[in-house]
Every structure is written in structure tokens, then in C-alpha cells.
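**Student:** for reference, the sequence and a predicted model appear below.
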Amino acid sequence: MTNKVTKEWYVEMPWGKVAMISWGESSKPPMLLVHGYLDTAATFSRLVDHMPDTYYYVSFDFPGHGKSDHVQSGPLVTQTLLTEVIRRIVDHMGWKTFIFVSHSMGFISGIYYHHAFPGKVERMIIIDPAVPVGNQYYVIYDLGLWYKSNYQEYYDIYNKNDAKLYKYEQAVAAMMKARSLTKEQTEHLLARCLVPTDYGLYKMTFQSAMRRVYGTWLPEYTLEHVITSNPPPTLVVNATKHNLTPVMVEIANKLLKTYTEPNSVHRNVYVEGKHDVHITSPREVVHQITDFLNCTTVKSKL
């Protein structure tokens, strides 16, 4: 474990500010860490603790997450908005190239970015992408259920104020249960998304609109083209346990086939645990990442 200098600041976006955090020295090769659904940059803090000092680690909270400003209420937010956040951050940092690290939903936004701006991502490290990719099944094959669970439910509670207040112990217990984490791990995550209010109570900063972020409605052949078109050298870190249905597993495997087949470009590994293996088993995940980054035989398809 190393002691990296930590810095926090904000980047202006057209709708408000995005909260940034970095670890390490900006003179070193950059690595952008992108969190997933209803998460924050804090999801990577335990991972970065064990990463080498040879990189400059930068992360951020998506709009409506953590310390970032909310977006204006309106139509449902798509993952392509999150891709625009990535574009603006990379431009703000002035990076010509960088290493991309994502957890879960962050992969979808990242692969859209790579497809739109090829050559910027040197290498890609994706942690348990099967969940967001598998969810594309409902967009493509079960439009009725997708519509009801997104638009109908979203607008049925559109004007509802759901700023639920918690006692600190209640908030910790709720997230521990939802994500199968220890108390210590949970408190790391809550550091960026739980704020005190009056009477000793706390509230989550997650915006209601962000509970219905959905994958861009692309037909399967288009999504497959986006995922498989000249991807950079990639490491896929899979969790061994998940709650995906068989049909979700089937489409996830099909769309991620480029990454999971043995070849000289990509690596596909497994780490024991559930979806948040980068939090529950950071040392093992870091071992896989550093092996991949130190490998000089990995060749690019570009």
C-alpha cells in the first residue's frame, strides 16, 4: 500500500460541476477510473491504495452522483450523456492518450467514447462488465418490460421527493445489504455520497433521475459493432458470482466475445466474489491489472 497525494477539484460542464479526485503525480502516465451505476469515485479508493506509484490516477462522480451537481430534471438520461462527461474531462485534462479503467456501467460509456474517438485509449481495464452488457437484452428483446421499468416507473414518480433521511447506522446497513460489503468497505463508499442534515440525520446525494439511466437504444448488430470495432488491448476482470438471468448471460457472452476469446490482444480473468470485487478483493484485482500493464507482448489491433 502506498501514500499517494490526493487532490479534489471541480470541472465545469454545461449543466453544472463534476467533482474530480486524483491520486499521485500529474507528470506520470494518466489513468482514468470510471465508476458504475449509483456509485462514486470512492469505489476505486481501495484499489488505488494498492496500485503502483507509476501512474496518475484520476476519477470523478458522474452527474447526480456523489459530490457532482445534479442535471436538470427532464427526459431519461442515457449512457451517452456519461460518454460526453468522459470526453469533456479528457479534453479538460489535455490528455493525448490514457489508460481507461471502468466498473460495470462505466464500460458502456467508455466503449462508446473509444468508438467515437479511436486512438485515445491506450489500454482498457474493465471490471465485471457482464451486468450492464447483459441488461441490453431487455432493450433489444423485451421492449415492453424495458419500457415499463424505465419510462413508466420514471414518470409515475417524476414529482416525488424521495430525499429519504437516514440515521448514519441505517445508511451503512442499507448499503452493506445492497452491495454485500463489510462496514469498513461501505464507509469508504459513503464518504462521497452521504451528507449530514438537521437533527443528526443524513441523506444520499444520488439524484432520482439517475436511478433510471438506461443503455442507448441500439439494435444488437449496432451495439455489437461498437463493442467489437478495433478495441484497444483490454483486460476483463470478471466476478465469479452474479445474479444475471440465463438470457442476460447469453447476450453478455455474445457481445463480449471479442474480449473473452483467447488472443494476443485481450486477457480475460476471474476474481472470486460478487460484482464489487475491486472493493472486496482489491489486492487480487490489482495483481491482475499490474500483470496486464507490465506485459509488453500485448499488441494493439489499431
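**Tutor:** On my side now, so go ahead.
**Student:** three-state assignment of Ile21?
**Tutor:** On the three-state scheme (DSSP: H, G, I helix; E, B strand; the rest coil), Ile21 is labelled strand.
**Student:** and it, what does it touch?
**Tutor:** Listed by CB atoms under 8 Å, 6 or more residues apart in numbering, the contact set of Ile21 reads Thr6, Lys7, Glu8, Ala41, Val58, Ser59, Phe60. In this view, the C-beta of every residue, glycine as well, is placed from N, C-alpha and C.
**Student:** now do the helices in the stretch 101-250 of the chain.
**Tutor:** 106-116, 130-134, 136-141, 143-147, 153-156, 168-179, 183-190, 220-228, 246-255 (DSSP state H, counting those that start in this stretch).
**Student:** now for those, which one comes closest to Lys274?
**Tutor:** Evaluated over the helices of the stretch 101-250 of the chain, closeness to Lys274 peaks at helix 168-179, with 8.1 Å, by CB to CB.
**Student:** report the angle between that closest one and helix 183-190.
**Tutor:** 100 degrees (axes from the mean of the first three to the mean of the last three CA atoms, to 10 degrees).
**Student:** residues in contact with helix 168-179?
**Tutor:** With contact meaning CB under 8 Å, 6+ apart, helix 168-179 is reached by 166, 181-183, 186-187, 189-190, 194, 202, 204, 275-276.
**Student:** can you do 10 Å?
**Tutor:** Defining contact as CB atoms under 10 Å, 6 or more residues apart in numbering, one finds that helix 168-179 is touched by 38-39, 43, 164-167, 181-183, 185-187, 189-190, 193-194, 196, 200-204, 274-276, 279-280.
**Student:** tell me the contacts of the spatially closest residue to Trp9 that is not a sequence neighbour?
**Tutor:** Distances taken as CB to CB, 6 or more residues apart in numbering place Met20 nearest to Trp9, at 5.1 Å, with adjacent residues excluded. By CB under 10 Å, 6+ apart, the contact set of Met20 is 7-11, 41, 58-61, 67-68, 89, 92-93.
**Student:** most surrounded residue in those residues?
**Tutor:** Ranked by the number of neighbours (other CB atoms under 10 Å), the contacts of Met20 place Ala41 first, at 29 neighbours.
**Student:** quick one: residues contacting that one.
**Tutor:** Residues in contact with Ala41 (CB under 10 Å, 6+ apart) are 8, 19-22, 33-35, 48, 57-62, 65-68, 189, 191-193.
**Student:** that concludes my questions; thank you for your assistance.
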